[in-house]
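Chemist: pasting the sequence and the predicted coordinates here, then a few questions.
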Amino acid sequence: MQLLKALSFTTLSVLFSLMFIGGYVSASGVGLTCPDWPLCPQGLVPHQDFIIEYFHRSVAATTGLLVITTMAFTIKSKVAPRGMKIASIIAAGAVIGQVTLGAIVIVERLHSLLVTGHLGLGIVLFSMMLMTVIYAYRIDYSKSTKATTPPQKLKHNEDIRE
Ligand code: HEM
């Protein structure tokens, strides 16, 4: 299932961008421009006053869906090795933890330990997604094709003798 390669790699790329944006949110000191949770002051409508933090949250929501979708496809796959399934399950757990921690970071007004934990859990999440991608690229997909292709019908008795 080549879909696993594309899905896991897309997820990793979006996650990388999210961590980049998170670093920018932190370094530019705009972490509390959306002081509420889960929505920003104008609900779903973006505004230039909090556009960076709005972007961080929107990309986080997309990343969460992608990580969980990758896990679902990995678990369903017949060719995915055990290690890949475990890595994708840990990644899904980490993304749920990360979104929850993101909310606590806001509620606790950027407590330094929580922000550090947010960075640490982000690294765990990235590592697990990277492992999932590496596994996805090492799978021998021809095995799954052989398993699903029905055997060819013999046309003539001669074929049997051959
Ligand atoms: C998959 C989900 C997420 C990932 C991978 C992620 C990742 C990151 C990273 C890497 C940073 C930079 C940390 C640092 O430089 O110390 C950051 C900052 C931040 N994140 Fe997230 N984040 C996620 C979700 C969220 C969510 C849902 C919120 C909720 C509001 C949030 C709120 C914040 C805030 C406020 C900061 C800036 C903290 C500061 O000002 O120092 N994050 N994020």
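Modeler: The structure has been received and is ready for your questions. This one's a predicted model, so the numbers in the text were calculated from it and none came from an experiment.
Chemist: what residues does this structure have near the ligand?
Modeler: 18-19, 22-23, 25-26, 31, 56-57, 60, 63-64, 95, 98-99, 102-103, 105-106, 110, 115, 118-119, 122, 125 (CB under 6 Å from any ligand atom). C-beta: built from backbone N, CA, C; applies to glycine.
Chemist: now do 5 Å
Modeler: The chain comes close to the ligand at residues 18-19, 22-23, 25-26, 31, 60, 63, 95, 98-99, 102, 106, 110, 115, 119, 122, as judged by CB under 5 Å from any ligand atom.
Chemist: off-centre distance for stretch 106-119?
Modeler: Distance of stretch 106-119 from the chain centroid (CA atoms, centre = their mean, to the nearest Å) equals 22 Å.
Chemist: so where's the chain shaky on pLDDT?
Modeler: For the chain, residues meeting the criterion pLDDT under 70 lie at 1, 145-162.
Chemist: what subset of the residues of the chain next to the ligand is buried?
Modeler: The neighbour-count test (16 or more other CB atoms under 10 Å) marks 18-19, 22, 25-26, 31, 60, 63, 95, 98, 102, 106, 115, 122 as buried among the residues of the chain next to the ligand.
Chemist: residues in contact with the residue sitting nearest the centre point of the chain?
Modeler: Centroid-nearest residue in the chain: residue 67, 2.6 Å away (criterion: CA atoms, centre = their mean). Taking CB atoms under 8 Å, 6 or more residues apart in numbering as the criterion, residue 67 is in contact with 11, 15, 88, 91-92, 95, 125, 129.
Chemist: about what we covered before: return the subset of the buried ones among the residues of the chain next to the ligand lying in helices.
Modeler: 18-19, 22, 25-26, 60, 63, 95, 98, 102, 106, 115, 122 (DSSP state H).
Chemist: which of those residues lies closest to residue 2?
Modeler: residue 63 (22.0 Å; CB to CB).
Chemist: CA atoms only for stretch 26-36, dumped as PDB, please.
Modeler: Extracted as PDB, the C-alpha positions of stretch 26-36 are listed here (Å, rounded to 0.1, in the frame of the first residue of the first chain):
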ATOM      1  CA  SER A  26       7.700  31.400  21.200                       C
ATOM      2  CA  ALA A  27      10.600  33.500  20.000                       C
ATOM      3  CA  SER A  28       8.500  36.400  18.900                       C
ATOM      4  CA  GLY A  29       6.500  36.400  22.200                       C
ATOM      5  CA  VAL A  30       3.100  36.200  20.600                       C
ATOM      6  CA  GLY A  31       2.000  33.100  22.600                       C
ATOM      7  CA  LEU A  32      -0.800  34.800  24.400                       C
ATOM      8  CA  THR A  33      -2.300  36.700  21.500                       C
ATOM      9  CA  CYS A  34      -5.000  34.100  21.600                       C
ATOM     10  CA  PRO A  35      -5.600  34.100  25.300                       C
ATOM     11  CA  ASP A  36      -8.600  31.700  25.200                       C
END
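Chemist: cheers, nothing more for now.
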